[in-house]
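S.K.: the following block contains a protein sequence and its predicted model.
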Amino acid sequence: MKIRPLRKNEQAPYDLLLLSDDTRESIDKNIHNGEVFVAEIAEKIIAAFILKAEEEYTVEIKNIAVMEGLQGNGVGTMLLGYIKEIAGIRGLNKLLVGTCDQCFKEMEFYKKSGFEIFNVRKNFFVDNYKDPIYENGIQIRDMVMLSVDLAKKSSA
């Protein structure tokens with residue numbers, strides 16, 4: 001698997017990014033305020049993520065998505081490893097990610113990778129999306145924020 005930045009005149013892989021965000025508008029906002037990366041196998045894009053610098057030494061994963069047929073096979077873990085590696089090279093010491101309050105599988109994935117919950121953005125999905133969004137049959141309301149301290153040596 002090869003991970004690389006999206007090329008200058010290359011179309012963002014919306015089909016993938018829509019797996020991790022419900023609207024093209026919010027993806028566009030993240031694209032314009034962040035860096036898009038793609039992962040390829042045999043020159044076929046199988047995953048994508050967007051990073052956005054936050055505070056001086058902090059970066060947030062704004063979107064991260066793996067092709068549905070490849071989920072659960074370690075691709076996401078490899079992406080997080082790559083993200084941690086480039087953040088370290090850039091001298092960053094904190095990595096953030098947000099997920100919905102009903103996204104239990106995603107929260108568990110991040111926790112296994114060393115992330116810890118540090119905040120909940122109340123009514124984030126109600127206030128920032130025109131239409132209600134449902135996960136597991138329940139309307140999502142809050143965004144759960146997780147972080148990992150890259151300065152600490154972890155086994156994740």
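M.R.: Done, it's in. Residues are numbered from 1 along each chain as shown.
S.K.: N93: what's it in contact with?
M.R.: 57-58, 149-151 (C-beta atoms under 8 Å, 6 or more residues apart in numbering). To be clear about C-beta, it is placed using only N, CA and C from the backbone, and glycine gets the same treatment.
S.K.: and if we set it to 10 Å?
M.R.: 56-59, 87, 148-152 (C-beta atoms under 10 Å, 6 or more residues apart in numbering).
S.K.: just the ones of the residues you listed in helices?
M.R.: Under the assignment DSSP state H, the contacts of N93 contribute A87 to helices.
S.K.: what's the PyMOL syntax to select whichever of the contacts of N93 are buried?
M.R.: Here is the PyMOL command that selects the buried residues among these (16 or more other C-beta atoms under 10 Å):
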select buried, resi 58+59+87+148+150
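S.K.: quick check: of the contacts of N93, which lies closest to R24?
M.R.: V59 (23.0 Å; C-beta to C-beta).
S.K.: pLDDT value on the closest one, please?
M.R.: pLDDT recorded at V59 is 95.
S.K.: any chance of the contacts of N93 in TSV with distance to V38 as columns?
M.R.: Listed next are the contacts of N93 as TSV, based on distance: C-beta to C-beta, whole Å:
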residue	distance to V38
E56	27
Y57	25
T58	23
V59	17
A87	18
V148	22
D149	27
L150	22
A151	28
K152	29
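S.K.: out of the contacts of N93, which sit inside strands?
M.R.: Among those, DSSP state E puts 58-59, 148-149 in strands.
S.K.: mind listing the strands for the chain?
M.R.: Going by DSSP E, the chain shows strands at 2-5, 35-41, 44-53, 58-66, 94-100, 116-121, 134-135, 138-139, 143-149.
S.K.: lowest average confidence across the ones you listed, which one?
M.R.: strand 134-135 (a mean of 90).
S.K.: what sits up against it?
M.R.: Strand 134-135 has contacts (C-beta under 10 Å, 6+ apart) with 22, 99-106, 125, 140.
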